[in-house]
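K.L.:
here is my input, please return the structure:
(3 chains)
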Amino acid sequence: MDYYETLSSALGPSHWWPGETPFEIAVGAILVQNTNWKNVEKAITNLKTNNALTVQGMRNYSINELQDMIKPSGFFRIKSERLLNFLNFLEENSAECVTDLCEFETSQLREMLLSVKGIGPETADSILLYALEKPSFVVDAYTRRIFNRHMLIHEDIDYHELQSFFADVLTEDVQLFNEFHALLVKTAKEWCKKTNPNCEKCPLGKFLQS
DNA sequence: TGCCAGGCCGGGT
DNA sequence: ACCCGGCATGGC
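P.N.:
Below you'll find the predicted structure:
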């Protein structure tokens, strides 16, 4: 796809998700729900400081302690539940760590993740792609905003519709999915803000019909 | 200073 | 099946 080529050559490889371990990535995916990443960073730092950023480590804390640590990322009561739901999910599937989930087939694992209360399509896809390196294209508000601004999609298009919008034209490749989403996030943060967009300097500006 | 941020769930039509 | 309010904090 032209959009990918353009971004890739303009912004170079970013090979991205802020997070060092699969578990950290999964936790980040839950904490970032409708939340600024800056706030999530603070929560992640708190967890790391308390050695709570591992499967075993997080289990050592009560829900109240967990809430104190993740408070900066907002929705802390709900999100603490969601983290515990995810931990229970791992346990139910006798996974000592997140990567143990790799044995499951992608689409099956996606369904399993969606059955966890608090994990929706985007969170599931983020975990699949960035924590487990399985080819599941991630659609987020940034993706939606950019392609809506380019008049290629309707603003309130359904998640799976938008996902297949990409699946139809992209080869199913982990690195491609990873990099494309990363580039879209970078682009949106830089030039495609909700208010005050700067399409002149955006690498994708040339695709906008004027 | 109000508005916004990388969703998701549950209850009401 | 759709629509909408609630959830919470810190940054700009």
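K.L.:
quick one, what contacts the residue of chain A found nearest DNA strand C?
P.N.:
For chain A and DNA strand C, the shortest gap (Cβ to the nearest atom of the strand) falls at A:Gly74, measuring 2.4 Å. Using the backbone N, CA and C atoms, a C-beta is placed for each residue, glycine as well. By Cβ atoms under 8 Å, 6 or more residues apart in numbering, A:Gly74 lies in contact with A:35, A:39.
K.L.:
do that again at 10 Å, thanks
P.N.:
A:31-36, A:39-40, A:43 (Cβ atoms under 10 Å, 6 or more residues apart in numbering).
K.L.:
what are the phi and psi angles of it?
P.N.:
Backbone torsions of A:Gly74, given as degrees, to the nearest 10, read phi 80, psi 170.
K.L.:
how much space separates it from DNA strand B?
P.N.:
Separation of A:Gly74 from DNA strand B (Cβ to the nearest atom of the strand, to the nearest Å): 6 Å.
K.L.:
same check, this time on A:Ala26
P.N.:
11 Å.
K.L.:
what do you get for A:Phe104?
P.N.:
Distance of A:Phe104 to DNA strand B, given as Cβ to the nearest atom of the strand: 18 Å.
K.L.:
how many other residues sit next to that residue?
P.N.:
Neighbourhood size, A:Phe104 [other Cβ atoms under 10 Å]: 17.
K.L.:
and chain A, what are its domains?
P.N.:
Domain assignment of chain A by automatic domain parsing yields the ranges A:2-14+A:138-207, A:22-131.
K.L.:
now those in a markdown table, please, with extra columns for mean pLDDT.
P.N.:
Shown next, in a markdown table, are those (pLDDT from 0 to 100):
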| stretch | mean pLDDT |
| --- | --- |
| domain A:2-14+A:138-207 | 96 |
| domain A:22-131 | 98 |
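K.L.:
restrict the contacts of A:Gly74 to those near DNA strand B?
P.N.:
A:32-36, A:39 (Cβ under 7 Å from any atom of the strand).
K.L.:
in helices only, show me those residues.
P.N.:
In helices, defined here by DSSP state H, the members of the ones next to DNA strand B among the contacts of A:Gly74 are A:Asn39.
K.L.:
make TSV out of the ones next to DNA strand B among the contacts of A:Gly74 and add distance to A:Leu113 and neighbour count.
P.N.:
Below are the ones next to DNA strand B among the contacts of A:Gly74 laid out as TSV (distance: Cβ to Cβ, whole Å; neighbours: other Cβ atoms under 10 Å):
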residue	distance to A:Leu113	neighbour count
A:Val32	16	23
A:Gln33	14	18
A:Asn34	18	7
A:Thr35	19	15
A:Asn36	24	10
A:Asn39	23	16
